[in-house]
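>>> Need coordinates for the below:
(chains A and B)
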Protein chains: 2
Amino acid sequence: MAGELLDGLTSDPVRMGWMQGSPPPPEKVLLAARADHMRFPMIRWSYSNMRQFVPTRRVAASGEGRPFERALRPDLADVSFVPLGGDDPVAFGQSLAEAFTDGILVLHRGKVVLERWLGVTGPQTRHIAFSVTKSFVGTIVEMLADEGRIDPAAMISAYLPEMAGSGFADATVRQVLDMTTALDFSEDYADPESGIGAYSAALGLTPRKPDYAGPADLWSFLPSVAKSGDHGRGFTYRTPNTDVLAWLVSRVEGRHFADVLTERLWQPLGMLGDADLIVDQAGSPFAGGGLNLRLEDLARFGEAMRLGGLGVIPAGVVARIASGGDPAHFDRTRYPQLPGWSYGSQWWISNNAHGCFSARGIHGQTLWVDPAAEMTIARFASHPTAANGANDPLSLPAWAALADALSR
Amino acid sequence: MAGELLDGLTSDPVRMGWMQGSPPPPEKVLLAARADHMRFPMIRWSYSNMRQFVPTRRVAASGEGRPFERALRPDLADVSFVPLGGDDPVAFGQSLAEAFTDGILVLHRGKVVLERWLGVTGPQTRHIAFSVTKSFVGTIVEMLADEGRIDPAAMISAYLPEMAGSGFADATVRQVLDMTTALDFSEDYADPESGIGAYSAALGLTPRKPDYAGPADLWSFLPSVAKSGDHGRGFTYRTPNTDVLAWLVSRVEGRHFADVLTERLWQPLGMLGDADLIVDQAGSPFAGGGLNLRLEDLARFGEAMRLGGLGVIPAGVVARIASGGDPAHFDRTRYPQLPGWSYGSQWWISNNAHGCFSARGIHGQTLWVDPAAEMTIARFASHPTAANGANDPLSLPAWAALADALSR
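Below you'll find the model as predicted:
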């Protein structure tokens, strides 16, 4: 594939000229019907413009939000670190394009100390968050659990009778939250016959084959996921868990997940802008990855978590998330770059000395909270490889180096 | 069709239960693949939720907008009028549901004196404006003409070489603005073989037939419209004129029409909220009818026009629009309910004693400016009949009666 020859600089979407002009030259038009919006290098444009390809639903800001103060520190671009598996140090500022970064904000003590925009991405851009979306969902479930409206020990089918007979039926809410469900579902993005392929077909984010006769929305798809093994034995990352959680939230709250997200987080946290939540053809939210939001609003979520919830998210919920997940459940062979980590409540927990925790999206989208360093990092990216393992070598040591520099 | 038995009350989308529940019952799910979103009675829900069905692009508000003051006058609901062609007076408040109204704001001297929301439509709803969109486009073209950036006397092909060979090639900008172009294009919504049927297929607002091989976006479709007769002889309402104007604006301004709309009107006029502009698969705007906006922002556009442009739209542009169009070009047999009217700059001009002018959408969307009565009315509706002739009998006398009541 020609795209594989492109790096973070040569794949810059401005340089590529995607969708520039009226009309754009034919070879620069991106079509959802060809799934252009989901293929590299076109994703370098489309991930900042997803609502032009697919149906979305508004997550409404209150209009009362105020931007973070800026206290920019030009020296941070020169902070250097050695990539995981590498030998030579690189400067943080130089690493951004190499990491296919579209935008990054580093906050220290609540002020933006570094801000960079690349390609077609800017402060107003609603960039797709992919699996970072999951951490919003998990946080809302924990909030409802804290209020006693959801019992984490109850089985999913107690809330969602539709799940009877599915692999989710006898999973507890906690098991779904922590992704310790045992499902007959493979999240192998490279295999179109995998579970995630069937999930994608149901979701309809890309065109279906003409003879497709499977589930046509997530509400139909999720009950079709079968069980394989025993729940609660270990963490296995499977996106449909999150869609079940969003469904649970809708059932308990009696309204669309987008509206719950609006009321529970978007407006009380003072998000600067509306977000765009991708929906499938029946209006079901793509809760596993469909949130498109401003980078500063992603940072705002991180800051709220860093600061104990700011009265919007109960402090107990934040504490549970920040220290949650059972490290014994974490497969160290599967995540060699994440030693000692755990996964819980739809968040990734480092269990390191700084108490860092993170929301992670498949093409490099990141929310990184470092309580000890009083640092929050929000990053959008459109990395060609759909795997955090491709992003971590340049990211994890960079975050540590920035924390070190800011703590000095 | 069962829908035809429903009236404004029985077709209320809350009562119908469209898309309520997670999931909604199967018979209450609206699917774009079935074109549900474009068929009555489902339009009573979908016209307030279009972005859930089709791709859209953001028209961004500045965040600095402020709502109109409210000075509500409950007496206005009792104002009575005799519908065109009717015998008995009806009370304005009673007529709203009968007119399939989704929301209405009446402003007098810049304050909201009447405000009603029906069905699923509320202050935050972005409701589709359909052809009201055209008046935004026409106003921007007039602004660019006022700046000397567009010459109304120049031929379209001088700006858009793509139009060479099409029916638009030797039409002047003024002729396109005033819809006095002579095109081989029928705007008969009831005839799927009409020009508007081909336009719709190119636009892709509803699913195409599997064997469809025609133009797949407006940029491909517009140059395919042929000429029939001589330009400049008379007004004939044809939607593609507006899409050509939007293309012209993009060419002259060098950016997407949505961005021009943002910069030229949305932000300087202090619109309260982002709007959602429907785009086709190639990203071309549905400028003929695809704007989805808050009702109060529609009213804000009307107020700006009523007040001479507020320094955003040049006063000369407003004056030209308010008095524009050649009444001799207006076909009185075709518009028996609009005696003495004219059409110019993508606006409908009453030429009546009050100097009223209007933006009109096909299912009852209306912006009505009455300078003499210092009154502006903005209305969203989802009338089952796609024809202004179906809306006018309850609307035109109502606006006159309200003007009379407010002037007393």
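>>> doesn't residue A:262 fall inside a helix?
Yes: Residue A:262: assigned to a helix according to DSSP: H, G, I helix; E, B strand; the rest coil.
>>> So it sits against residue A:140, correct?
No: counting by Cβ atoms under 8 Å, residue A:140 is not a contact partner of residue A:262; they are 11.0 Å apart. Using the backbone N, CA and C atoms, a C-beta is placed for each residue, glycine as well.
>>> residue boundaries of the strands in the stretch 101-250 of chain A?
A:101-108, A:111-117, A:127-128 (DSSP state E, counting those that start in this stretch).
>>> Mind listing the strands the shortest one pairs with, and their directions?
Read that as strand A:127-128. strand A:291-293 (antiparallel) (DSSP bridges).
>>> Could you find the closest non-adjacent residue to residue A:41?
Of all residues not flanking residue A:41 in the chain, residue A:11 sits nearest, at 4.1 Å (Cβ to Cβ, 6 or more residues apart in numbering or on different chains).
>>> Look up how far chain B lies from the one you found.
The spacing between residue A:11 and chain B, counted by Cβ to the nearest Cβ, to the nearest Å, is 20 Å.
>>> Do you know the pLDDT at that residue?
Looking at residue A:11, its pLDDT reads 97.
>>> tell me, how many neighbours does it end up with?
23 (other Cβ atoms under 10 Å in any protein chain shown).
>>> I'd like the strands of the stretch 101-250 of chain A as JSON lines, with mean neighbour count and mean pLDDT appended.
Conversion of those to JSON lines gives the following (neighbours: other Cβ atoms under 10 Å in any protein chain shown; pLDDT from 0 to 100):
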{"stretch": "strand A:101-108", "mean neighbour count": "25", "mean pLDDT": "98"}
{"stretch": "strand A:111-117", "mean neighbour count": "18", "mean pLDDT": "98"}
{"stretch": "strand A:127-128", "mean neighbour count": "28", "mean pLDDT": "98"}
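>>> Turn those strands into CSV, columns for distance to residue B:284.
Below are the strands of the stretch 101-250 of chain A laid out as CSV (distance: least, Cβ to Cβ, whole Å):
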stretch, distance to residue B:284
strand A:101-108, 25
strand A:111-117, 26
strand A:127-128, 22
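>>> List, one by one, the residues from chain A near chain B.
Counting by Cβ under 8 Å from any Cβ of the partner chain, the residues of chain A close to chain B are A:19, A:22-24, A:29-33, A:49, A:51-58, A:60, A:63, A:124, A:126, A:210, A:217, A:219, A:247, A:250-251, A:256-257, A:272, A:274, A:279, A:281-284.
>>> are any of the residues you listed buried, and which?
With burial judged by 16 or more other Cβ atoms under 10 Å in any protein chain shown, the buried subset of these is A:19, A:22-24, A:29-32, A:49, A:51-58, A:60, A:63, A:126, A:217, A:219, A:247, A:250-251, A:256-257, A:272, A:274, A:279, A:281-284.
>>> Give me the below-cutoff pLDDT ranges for chain A.
By pLDDT under 70, the weakly predicted segments of chain A are A:1-4.
>>> Let's see that with 90 instead.
A:1-5, A:63-64, A:186-197, A:209-210, A:324-326, A:331-334, A:385-391 (pLDDT under 90).
>>> Can you name the residues that contact the one residue sitting closest to the centre of it?
Among the residues of chain A, the one closest to the centroid is residue A:132, at 1.4 Å (Cα atoms, centre = their mean). Contacts for residue A:132 (Cβ atoms under 8 Å, 6 or more residues apart in numbering or on different chains) come out as A:291, A:298, A:359, A:360, A:361, A:365, A:366, A:367.
>>> how about 6 Å then?
A:359, A:361, A:365, A:367 (Cβ atoms under 6 Å, 6 or more residues apart in numbering or on different chains).
>>> distance of it from chain B?
20 Å.
>>> Give the burial count for the closest residue to residue A:66 other than its chain neighbours, as a bare number.
Nearest residue to residue A:66 in three dimensions, chain neighbours excluded: residue A:270, at 6.6 Å (Cβ to Cβ, 6+ apart). Look at residue A:270: counted by other Cβ under 10 Å, it has 18 neighbours.
>>> Residue A:36 is in contact with residue A:206, correct?
No: the pair residue A:206 / residue A:36 is not scored as a contact, 9.4 Å apart, by Cβ atoms under 6 Å.
>>> And stretch A:335-344, end to end?
15 Å (Cα to Cα, to the nearest Å).
>>> Give me the residues contacting that stretch.
Applying Cβ under 6 Å, 6+ apart, the contact partners of stretch A:335-344 are A:84, A:178, A:235, A:324, A:325, A:326, A:327, A:330, A:349, A:350, A:351, A:392.
>>> residue contacts, residue A:95?
residue A:394.
>>> what's the answer for the one 5 residues further on, then?
Contact criterion Cβ under 6 Å, 6+ apart gives A:8, A:381, A:382, A:383 as the residues in contact with residue A:100.
>>> Just send these back as TSV, with secondary structure too.
What follows is the contacts of residue A:100, written out as TSV (three-state DSSP):
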residue	secondary structure
A:8	coil
A:381	strand
A:382	coil
A:383	coil
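>>> Make TSV out of those and add distance to residue B:310.
Shown next, in TSV, are the contacts of residue A:100 (distance: Cβ to Cβ, whole Å):
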residue	distance to residue B:310
A:8	45
A:381	42
A:382	41
A:383	46
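>>> Would you mind listing which of those are buried?
Counted by 16+ other Cβ under 10 Å, the contacts of residue A:100 give A:8, A:381, A:382, A:383 as buried.
>>> tally of neighbours for the closest residue to the first one other than its chain neighbours?
Pointing back at residue A:8 there. Distances taken as Cβ to Cβ, 6+ apart place residue A:97 nearest to residue A:8, at 4.0 Å, with adjacent residues excluded. When neighbours are counted by other Cβ under 10 Å, residue A:97 registers 17.
>>> What of residue A:313?
24.
>>> What separation is there between it and residue A:246?
17 Å (Cβ to Cβ, to the nearest Å).
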